[in-house]
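Undergrad: Take a look and give me a structure for this.
(2 chains)
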Amino acid sequence: MEPILQVKNLTMDFGGLRAIDNVDLEVNQGEIVALIGPNGAGKTTFFNCVTGIYSPTMGDIMISADTSGSVTPDTPKRINGLKPNRITELGLARTFQNIRLFANMSVLENVMIGRHCRSNANIAGAVFRNKKTRNEEEEIINTSYQLLKDVGLEQFANELSKNLPYGAQRRLEIARALATDPFLLFLDEPAAGMNPLETKELDDLIKKIQLEKRISILLIEHDMRLVMSISERIYVVDYGKRIAHGAPEEIRNNPKVIKAYLGEDADA
Amino acid sequence: METVVAGIKSSFKNIYTGVWDFINLLIARSLRPEELKRSTLTALWFMFLTFPILVIKVNTVDNVINWYWARVVYLGVTVYFVSFFWRYFLEVKEHGIKAALDADPVDTSIADGLTDNGQMGALSARLMANKKFKTALGISLCAFAVAFPFMFSMYQTNIMTNALMYIVLGLGLNIVVGLAGLLDLGYVAFYAVGAYCYALLNLHFGLGFWAVLPIGAVLGATCGLILGFPVLRLRGDYLAIVTLGFGEIIRLVLQNWNEFSHGPSGIANIPRPGFFGIDLSLKSSIIYMYFIMIGLCLLTIFVVNRLQHSRIGRAWVALREDEIACQAMGIDKTKIKLTAFALGATWAGMVGVVFAAKSTFINPESFTFMESAIILMIVVLGGMGTIVGVIIGAFMVILTPEYLRGIGEYRMLIFGATMVIMMVFRPQGIITSVRQKYKIMKDKT
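TA: Below you'll find the model as predicted:
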């Protein structure tokens, strides 16, 4: 098992507030890892730091893989403070907790945007629409359509994305992230607001992405049934600190985790 | 041939029955008790309110009071119908034409013939889907455009050239505002840059129109980049304020830097475009200008259309929809914003050169904030992000005040009222932007 993402001593301050405090985290190739914790624990802030939306105060974020899927454990690359688009280009894609689709674009176009960083038609190409641009455009459309099929949304290809039902919007976000050819996918509460059936489908979809596309996944989730059933390892954070980490069974019985989620007995 | 004739005949018959059904449904709606009550009440209320000013007139010469009862009756009837149609159109806007005309919301069978977009909307959509009709429409439009300056007076040609200039300006601003969603209130600055570029280069170096046209475009794009850099981090209202300031700065510099721009007195005697060295009469130079603008217009439409449906155009729309998601999906925000500003400003620079050549005199007064507002109005009124919308918007905004000159002082009033009514009933603009449908070329399964 080769680590492809190593986060060491990550700390993020907002003025006097320490939102993340010395958190270590590792994702190995082909793994599904979950990051859990009570509300306000700093999970999404962690995602934002790693994907470049925030620039962390301290610590290192290292990746040792590239989009072709080859792992380079000897030459890790430090990605702190890079712009979000650079990080996506390097092969880390994400979805958002509160859905952030391009509401007035069609479903297919949403996925096509994901292909932007993997294509390079310029202004001249767009105006003269030469053979290279046409081929590239065709490739973008076909790849995007295939991804829509993978998440089961191909019949909505030409609908506006804001008209999709909630569960479908979540799946579209995943398809859009996959279009950027990532080696590691960050899912921020993918099952939030879904009914049990939709959650089950999501479970299958995430496993399918891991197996068929050989993409590692780091997810934040509150639905414990989903977390316990798909993740190989779990990290728990509370008040910005890592309080536990291990296999699902260990986490389930860890007193610190139970305390963070349920609080202590008054007489304990 | 016969089938075509039969097709046209049957479609005319369809239109006829469609219109007839529509009128019947409209009458049925007007006879609903609730509609009658509301229209009557509105009419009575207006009659009551305007009674003192419309009906009672004191004649101070003869010391008598004249009662104009007929006036209040006219007003009542007018208000009755206006209020009926006002409510009808509001309902059409909210729920579509079908719901507005159906007596019983449960039973939609009566108005089933009418689509949600209305009979005419469906008809035009069906016509536009027809390739033959499209080419026919295109050819006849081209023929009309070519024949226009020979059919109408010099004045008509001149205002049409003006409208064409605003189409290009509108399409340029449409890239920035309509596609990339960056509210730019200083667009006129680039227009001024183009105009002064031609005037000054001609004055000092004797460069001709055709030599300066590309220079104006490049200079416009450069200024777009210069404006783009400081405003990269701004959005919405803040961006609007800074761009507004930029527009004013350019104008004030031109106004006050006498040695450079000849100040408020402007630059006169700018030569018209050359035509292979032949001296043109005033009339033929106006026609020549018109055809230059037609060419520039076609070029703009072609380029903007291509850009809009390219990888870059999609990135602009994504930037408009959600900046953070756009960046997280691997789009370089800086690059795409600067591209939008530069490509938008290019067209303003080019039209600026044309403007200087057309009017042969420029001064800073031509580049006030009002110009920016008019161009923005064209984009918003026509429908943001649509090419056809911007064209219709430009014709409306530029030509309506011209054609209304006949009724003198009322023209601005009517113009203003049209704008208000537009914003009440169609806030999204005349043409609603529709996303492109893509053909899936090969299915892998």
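
Undergrad: Tell me the residues of the stretch 151-268 of chain A that contact chain B?
TA: Neighbours of chain B within the stretch 151-268 of chain A, by C-beta under 8 Å from any C-beta of the partner chain: A:157-158, A:160, A:176-177, A:180. Yep, even glycine has a C-beta here, placed from its N, CA and C like the rest.

Undergrad: Okay, and which of these map to strands?
TA: Here DSSP state E is the test, and these give no hits in strands at all.

Undergrad: By neighbours, which of the residues you listed wins?
TA: Counting neighbours by other C-beta atoms under 10 Å in any protein chain shown, residue A:176 leads these with 30 neighbours.

Undergrad: Local confidence estimate at that residue?
TA: At residue A:176, the model reports a pLDDT of 94.

Undergrad: Am I right that it is in contact with residue A:110?
TA: Yes. Counting by C-beta atoms under 8 Å, residue A:176 touches residue A:110, with 5.2 Å between them.

Undergrad: got any residues that touch both of these two?
TA: Each of residue A:101 lies in contact with both residue A:176 and residue A:110 under the rule C-beta atoms under 8 Å, 6 or more residues apart in numbering or on different chains.

Undergrad: Skip the chain neighbours and tell me the closest residue to residue A:45.
TA: In space, and not counting its chain neighbours, residue A:45 is closest to residue A:19: 4.6 Å by C-beta to C-beta, 6 or more residues apart in numbering or on different chains.

Undergrad: wait, the one you found sits on residue A:37?
TA: No. Checked against C-beta under 8 Å, the pair residue A:19 and residue A:37 is beyond contact range at 12.0 Å.

Undergrad: Those two: which is more packed in?
TA: residue A:37 (24 against 21).

Undergrad: wait, what's in contact with that one?
TA: Applying C-beta under 8 Å, 6+ apart, we find residue A:37 in contact with A:43, A:236-238, A:260.

Undergrad: residues in the stretch 201-350 of chain B within reach of chain A, list them.
TA: Residues of the stretch 201-350 of chain B lying near chain A (C-beta under 8 Å from any C-beta): B:303, B:306-307, B:310-315, B:317-318, B:321-322, B:324-333, B:339, B:343.

Undergrad: Name only those of those residues that count as buried.
TA: B:303, B:306-307, B:310-315, B:317-318, B:321-322, B:325-333, B:339, B:343 (16 or more other C-beta atoms under 10 Å in any protein chain shown).

Undergrad: dump the residue contacts of the residue nearest the centre of chain B.
TA: Closest to where the C-alpha atoms of chain B average out (C-alpha atoms, centre = their mean) is residue B:393, at 1.7 Å. By C-beta under 8 Å, 6+ apart, residue B:393 lies in contact with B:170, B:377-383, B:429-430.

Undergrad: Next secondary structure after the helix or strand of chain B with the lowest mean pLDDT?
TA: Lowest by mean pLDDT, DSSP states H and E among the helices and strands of chain B is helix B:118-129, with a mean of 58. Using DSSP states H and E, the next helix or strand after helix B:118-129 towards the C-terminus is helix B:131-151.

Undergrad: What are the contacting residues of that following helix?
TA: Helix B:131-151 is touched from outside by B:127-128, B:156-157, B:160, B:286-287, B:290-291, B:294, with contacts defined as C-beta under 8 Å, 6+ apart.

Undergrad: picking that back up, filter the contacts of residue B:393 down to just the ones in helices.
TA: Secondary structure from DSSP state H places B:170, B:377-382 of those in helices.

Undergrad: Serialize these to a markdown table and add fields for distance to chain A and pLDDT.
TA: Formatted as a markdown table, the ones in helices among the contacts of residue B:393 follow (distance: C-beta to the nearest C-beta, whole Å; pLDDT from 0 to 100):
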| residue | distance to chain A | pLDDT |
| --- | --- | --- |
| B:170 | 19 | 96 |
| B:377 | 22 | 90 |
| B:378 | 21 | 91 |
| B:379 | 16 | 92 |
| B:380 | 16 | 89 |
| B:381 | 19 | 88 |
| B:382 | 17 | 89 |
